[in-house]
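Q: Just need the structure, nothing else, for what follows:
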Amino acid sequence: MRLALLLAAAVILVRDPTGKWANDPLEPWFRSLENKNGLYCCARADGHPLDDGEWDIKDNHYRVFIEGEWTVVPDDAVISVPNKFGKAMVWLRADAHIASGEIQTISRILCFIPGSGV
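A: Residues are numbered from 1 along each chain as shown. Have a look, this model is predicted:
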């Protein structure tokens, strides 16, 4: 039951409930983005813009600084179309699992687009 509530809350949080981005001219472009597995990354409201110091390339792989640590971006999560937004952006998916009787969530990278300066 608790897991179902947690997952329902996660789904609600990944939308634009205030309509802040509804009239954004880039919103159709954001909604068209998909990773190399063909999964759509969703909307601008679902992504997290990154400052230059929050992403880089190491050993030929992108990585992002999330939740206090550097995380390597899976190759299939990288979006390779030109970045019309300009800033790098990452879309995360929260995976829930039970450990020691407690529900824990782990953020996984669903999509990543590097900044337009790359």
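
Q: quick check, residue 24 in a helix?
A: No: read with DSSP: H, G, I helix; E, B strand; the rest coil, residue 24 is coil and lies in no helix.

Q: what's the nearest residue to it if we skip its chain neighbours?
A: Once flanking residues are discounted, residue 24 sits nearest to residue 44: 6.3 Å by CB to CB, 6 or more residues apart in numbering. C-beta coordinates here come from the backbone N, C-alpha and C atoms, glycine included.

Q: repeat for residue 41
A: Once flanking residues are discounted, residue 41 sits nearest to residue 111: 3.6 Å by CB to CB, 6+ apart.

Q: Contacts for the helix or strand harbouring the one you found, please.
A: If you go by DSSP states H and E, residue 111 is part of strand 102-113. Identification of contacts with strand 102-113 by CB atoms under 8 Å, 6 or more residues apart in numbering yields 2-3, 6, 10, 33-35, 39, 41, 47, 55, 62, 64, 66-67, 71, 73-74, 77-79, 81, 83, 85, 88-98.

Q: are any of those buried, and which?
A: 33, 35, 41, 47, 55, 62, 64, 66, 71, 73-74, 77-79, 83, 85, 88-94 (16 or more other CB atoms under 10 Å).

Q: So which of the residues you listed are in strands?
A: Taking DSSP state E, the ones among those that sit in strands are 47, 55, 62, 64, 66, 71, 88-94.
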